[in-house]
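[1] here is a sequence together with a model predicted from it:
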Amino acid sequence: MQFRGRLYRDDAVVLRLQKLGESDRIVTLFTRHHGRIRAVAKGVRRTMSKFGGRLEPFGHVDVQLMEGRTLDVISQVEGVDLFGRRLMADYPRYTVASAIAETAERLTPVEQEPSLKLYLLTLGAMRALSLGEHASSLVLDAYLLRAMSAAGWAPALRECAVCGTPGPHRGFSVPAGGAVCPDCRPPGAGHPAPATIELMAALAEGDWPSADASEPVFRREASGLVAAHLQWHLERALRSLPLVDRDDTARIRKDTAS
């Protein structure tokens, strides 16, 4: 007897695709109302598929699914904004989109558990990447900082992570939780430049004029601290993060000037 589940519909960001047999794919979706879902898209690898082109990574789609015994089945897809196609044609932005998608998947360990704030952050980051108004490395670090905040892991930047004394502070300790004052600074704490901490705060708070005006040296240092803080809490590294191309600052500035 064939199993027939209920139909449901949701907005989603396509995070990942996996081959399944000769013509099907397993699609990992981050949905607005149902959290992360893994679903089967039947026949999408065939050239005559009616919606295969709408299920490319990083796109924003309106999807209808049918509940299945193990995996739900995608029955209909409409593209809302298929900016994934533009991201896949630009290597720096593609690598950043991959890191964002992996982070979203790692921060939603339980399938079908809603996480609206993280969903909106992920969708907003993909849209920002597609627009190309900011360096992709800044979009990535802004996303990671805000995603960690949504998960309860935000690093302290304006005050000491240990005692709460207002900053700025020159010490930074990932195990301690971020910026630390001289009295609380543990052995091995780093000493990032004040401009690096200010950049991280600007990204976390959405101050794009300040972030866009930052120098590459401070962006690189901030990226290292953000990645270290995230991976400390995840307890293992993101596979896609070492592949991120962060040398897009000059291109963004040239595009803006023109």
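    All right, it came through fine. Numbers count the residues shown, from 1 in each chain.

[2] just the C-alphas of stretch 79-92, formatted as PDB.
    Presented in PDB, the C-alpha positions along stretch 79-92 are these (Å, rounded to 0.1, in the frame of the first residue of the first chain):
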ATOM      1  CA  GLY A  79      11.700  30.500  -7.900                       C
ATOM      2  CA  VAL A  80      11.400  33.600  -5.700                       C
ATOM      3  CA  ASP A  81      14.900  34.900  -6.400                       C
ATOM      4  CA  LEU A  82      17.300  32.500  -8.000                       C
ATOM      5  CA  PHE A  83      20.400  34.600  -7.100                       C
ATOM      6  CA  GLY A  84      22.200  31.300  -6.600                       C
ATOM      7  CA  ARG A  85      22.900  31.300 -10.300                       C
ATOM      8  CA  ARG A  86      24.800  34.600 -10.000                       C
ATOM      9  CA  LEU A  87      26.700  33.400  -7.000                       C
ATOM     10  CA  MET A  88      27.900  30.300  -8.700                       C
ATOM     11  CA  ALA A  89      29.500  32.400 -11.500                       C
ATOM     12  CA  ASP A  90      31.700  34.400  -9.100                       C
ATOM     13  CA  TYR A  91      34.300  32.300  -7.200                       C
ATOM     14  CA  PRO A  92      34.800  34.600  -4.100                       C
END
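
[3] so where do the strands sit in the stretch 1-150 of the chain?
    7-20, 24-31, 35-41, 60-66, 72-81 (DSSP state E, counting those that start in this stretch).

[4] give the contact list for residue 10.
    29, 31-34, 62-63, 65 (Cβ atoms under 8 Å, 6 or more residues apart in numbering). Every C-beta, even on glycine, is put in place using the N, C-alpha and C of the backbone.

[5] one more time with 7 Å
    Contact analysis of residue 10 by Cβ atoms under 7 Å, 6 or more residues apart in numbering lists 31-34, 63.

[6] now the strands of the stretch 1-150 of the chain in CSV, with distance to residue 183 and mean pLDDT?
    Output for those, formatted as CSV (distance: least, Cβ to Cβ, whole Å; pLDDT from 0 to 100):
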stretch, distance to residue 183, mean pLDDT
strand 7-20, 43, 92
strand 24-31, 42, 93
strand 35-41, 42, 93
strand 60-66, 47, 93
strand 72-81, 49, 90
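
[7] rewinding a little: ChimeraX command to pick out the buried ones of the contacts of residue 10?
    Remark: buried members of those, expressed as a ChimeraX selection using 16 or more other Cβ atoms under 10 Å:
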select :31,34,63
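
[8] the residue nearest the centre of the chain and residue 63: what is the separation?
    Centroid check for the chain by Cα atoms, centre = their mean gives residue 100 as the closest residue, at 2.4 Å. Applying Cβ to Cβ, to the nearest Å, the value for residue 100 to residue 63 is 19 Å.

[9] of all the strands of the stretch 1-150 of the chain, which lies closest to residue 175?
    strand 35-41 (28.7 Å; Cβ to Cβ).

[10] mind giving me the packing neighbours of the closest one?
    Judged by 3 or more Cβ pairs under 7 Å, 6 or more residues apart in numbering; DSSP states H and E, strand 35-41 is in contact with strand 24-31, strand 72-81.
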